[in-house]
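okay, sequence plus prediction incoming.
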Amino acid sequence: MSSMFYSIIVPVYNRPDEIKELLISLTHQTYRSFEVLIIEDGSENPCKDSIDPFKDQLQLHYYFKENSGQGFSRNYGFSRAKGDYFIVFDSDCIVPPQYLEVVNSTIQSNSIDCWGGPDRAEPSFSTVQKAINFSMTSFLTTGGIRGRKKSLSQFNPRSFNMGISKEVFEQTGGYRITRMGEDIEFSIRIRESGFNTVLIEDAFVYHKRRGNLTDFFKQLHFFGRARVNISRFYPGELKIVHLFPLFFLLGLIALPFLFLLSVFWFQSLLALYLLYFFLIFSFALVNERNFSIAFLAIIASFTQLTAYAVGFLTEYKRKLVERYRIFLAR
């Protein structure tokens, strides 16, 4: 198989500083047969001045369009890309030098239609960012659904680090929704179209995510809503593992009532929560070797689970209202 040409598509919305860090990392790629398409999604603070210095170092294309959300902005890039494969990154990612070389080597050895890779914390990230990264990638808080296990069946690549063949785009038409779980909906539809989706464990990126817990709460609240939105298209994709944050929140709400009703059940449930937080602290300490990160991992995990659950409940309530209105309209 001859060497492949890759098109990297990055939607950007008011993040000129982040895109600069991403482009710096792309200049260090050991595999050089690629272009970069920056899709400015109607930003009020555009990134053109930040990317101009890179035009001599990268095959760089910049497009400004009206705001339509990240999913449709990626479609905009797909339709203008020249590569054999299209790669999607979020603007807050930093790409290791070997990324494209790993992907190209894997494609040369295997028949791959669509892939995704994990995310990690880069050493320069802040303590809070590292704690958030642990929470977002740990089996303890995600159940292993974010690209940490080779044995994952029907893997759903996420759009912070995802690649597809040109044929996949031509046959599927790209993203059908632009927000609220657009990447998972796209991944499911890719599989249902007869293409394979795989995890390339060594094709990881450094994902900065949010820099503080307030923004992290807002992001995970949105993720909880997105999971319900996906169930509008694929009801079978709502699984028990996705309900864990809801059980977590309901248990917290039940604690004060159990304190009044039954000391035994209150102490038993409280012990479970304390054990759970101890495990998070211990695993984070082993992984990060830093007490501050391990302590913040408890707070980040608490934030992640409660925010996701509140978002889930908010959107599920909206879904029930929609069904009720449809029922009345019959």
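Everything's here; your move.

and the strand or helix carrying residue 258, average pLDDT?
Residue 258 is part of helix 244-261, with elements assigned from DSSP states H and E. Helix 244-261 carries an average pLDDT of 96.

list the buried ones in whichever helix or strand comes after it?
Downstream of helix 244-261, the next assigned helix or strand under DSSP H and E is helix 263-288. Buried residues in helix 263-288, counted by 16 or more other CB atoms under 10 Å: 266, 269, 276, 277, 280, 281, 283, 284, 287, 288. All C-beta spots, glycine's among them, are computed from the backbone N, C-alpha and C.

what's the closest of these to residue 244?
Of all these, residue 244 sits closest to residue 276, with 10.9 Å by CB to CB.

and for residue 30, the neighbour number?
Here the count is done by other CB atoms under 10 Å, and residue 30 has 12 residues near it.

does it sit in a helix, a strand or a coil?
Secondary structure assignment for residue 30 (DSSP: H, G, I helix; E, B strand; the rest coil): coil.

now do the SS call for residue 158.
coil.

that one: neighbouring residues, count only.
When neighbours are counted by other CB under 10 Å, residue 158 registers 22.

from residue 289, how far off is the residue nearest to residue 258 when sequence neighbours are not counted?
With sequence-adjacent residues excluded and distances taken as CB to CB, 6 or more residues apart in numbering, residue 258 is closest to residue 266, at 4.0 Å. Relative to residue 289, residue 266 is positioned 35 Å away (CB to CB, to the nearest Å).

now do the same contact list for residue 42.
Listed by CB atoms under 8 Å, 6 or more residues apart in numbering, the contact partners of residue 42 are 13, 64, 65, 66, 67, 68.

gap between it and residue 8?
21 Å.

any idea how the protein splits into domains?
6-117+157-209, 228-329 (automatic domain parsing).

quick check: which of those domains is nearest to residue 216?
Comparison of the domains of the chain against residue 216 by CB to CB identifies domain 228-329 as nearest, at 5.7 Å.

for residue 127, state which of the buried residues of helix 263-288 is nearest.
residue 288 (9.2 Å).

just checking, the closest one touches residue 294?
Yes - counting by CB atoms under 8 Å, residue 288 does reach residue 294; the two are 6.4 Å apart.

now do the one helix or strand residue 24 maps to: which elements does it pack against?
For residue 24, the host element (DSSP H and E) is helix 16-26. Helices and strands touching helix 16-26, by 3 or more CB pairs under 8 Å, 6 or more residues apart in numbering; DSSP states H and E, are strand 6-12, strand 34-41, helix 48-51, strand 93-94.

try it again at 10 Å.
strand 6-12, strand 34-41, helix 48-51, strand 85-89, strand 93-94, helix 99-109, strand 205-207 (3 or more CB pairs under 10 Å, 6 or more residues apart in numbering; DSSP states H and E).
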